[in-house]
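Q: need a 3D model of the sequence below.
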Amino acid sequence: MSTKETRTMPKTEYVIEPGKQEIISTTILDAPRELVFKAYTDPKLFAQWWGPRRYEIKIDKFDSRPGGSWRVEHVAADGGRHGFRGVNHDVVAPERIVSTFEYEGVPGHVALQTATFEPLGNKTKLVAHQVFQSVMDRDGMVASGMESGANESLERLAELLERMKAGK
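A: Below you'll find the model as predicted:
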C-alpha cells in the first residue's frame, strides 16, 4: 500500500482542580456509543486496549453486570504484575457504567468511577468522572502518571474501535 493512513488520536481534556477529590476527563471517540460501550464491557475487547502497551493484559474476572466484580492484571515483560479490581454498581447499556476502582499495590484506596457514553451522531462523547476518598488519594493517582497511562489507553481504544468499525 502506497497511501499513508493518517489517524487522529482522541484528545482528552482533564479537569483536575486543586483541593478536590475528583478527576473528570472528556474524550470524543470516532465510533457509535454502542461500539464504545461494547469495548468497555466485553472482556476480550477490554484486554486489547486498557492500560499501557508495555503490559500484557490478563483478565481474571470481568462480570459487566450490576453487582458483578472485575479484576485485571497488567503483566510486565520481566514478570512483574499490577492488579486492579472493583465492583460494578450500575451498568446501563449503552449509557453508563458506575464501578469502583482499586489498585492492589495500594490497597484500601478505592475510587468510584462513572463513565457516561453520550451519542454525537456517529461519534461518542465519553465522560469519566472519578471520585476519590480523599484529596491525597486523588493527588497520588495524578502523581502516578495516570494521565499518560489514560491517554495511551484511549489511543489503543481508538485503534480498536477503528478495527471494530471495519469489521476486523
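Q: mind pulling the model confidence for residue 10?
A: For residue 10, the model assigns a pLDDT of 89.
Q: so which bits of the helix ranked longest in the chain are buried?
A: Looking across the chain with DSSP state H, the single longest helix is helix 146-165. Of the residues in helix 146-165, 146, 150-158, 160-161, 164 count as buried by neighbour count, 16 or more other Cβ atoms under 10 Å. All C-beta atoms are positioned from the backbone trio N, CA, C, and that covers glycine.
Q: name the helices or strands packed onto that helix?
A: In terms of contacts (3 or more Cβ pairs under 8 Å, 6 or more residues apart in numbering; DSSP states H and E), helix 146-165 is packed against strand 12-15, strand 22-29, helix 33-41.
Q: let's see it at 10 Å
A: strand 12-15, strand 22-29, helix 33-41, helix 43-46, strand 123-131, helix 135-143 (3 or more Cβ pairs under 10 Å, 6 or more residues apart in numbering; DSSP states H and E).
Q: reformat the ones you listed as TSV; add distance to residue 107 and mean neighbour count.
A: Shown next, in TSV, are the helices and strands packed on helix 146-165 (distance: least, Cβ to Cβ, whole Å; neighbours: other Cβ atoms under 10 Å):
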stretch	distance to residue 107	mean neighbour count
strand 12-15	25	14
strand 22-29	20	18
helix 33-41	24	20
helix 43-46	22	16
strand 123-131	17	18
helix 135-143	12	15
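Q: nearest residue to residue 23 in space, please, no chain neighbours.
A: residue 130 (4.7 Å; Cβ to Cβ, 6 or more residues apart in numbering).
Q: what pairs with the one you found across the strands?
A: With DSSP bridges as the criterion, residue 130 is bridged to residue 23, residue 113.
Q: am I right that it is in contact with residue 102?
A: No: using Cβ atoms under 10 Å, residue 130 is not in contact with residue 102; the gap is 11.9 Å.
Q: shared neighbours of those two, which are they?
A: The contact sets of residue 130 and residue 102 overlap at residue 111 (Cβ atoms under 10 Å, 6 or more residues apart in numbering).
Q: where's the dip in pLDDT among the buried residues of helix 146-165?
A: pLDDT across the buried residues of helix 146-165 is lowest for residue 146, at 90.
Q: hang on, it packs against residue 140?
A: Yes: taking Cβ under 10 Å as the definition, residue 146 is a contact partner of residue 140 at 9.3 Å.
Q: re earlier: can I get the buried residues of helix 146-165 in a markdown table with distance to residue 72?
A: Below are these laid out as a markdown table (distance: Cβ to Cβ, whole Å):
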| residue | distance to residue 72 |
| --- | --- |
| 146 | 16 |
| 150 | 15 |
| 151 | 18 |
| 152 | 15 |
| 153 | 12 |
| 154 | 16 |
| 155 | 18 |
| 156 | 14 |
| 157 | 15 |
| 158 | 20 |
| 160 | 16 |
| 161 | 19 |
| 164 | 20 |
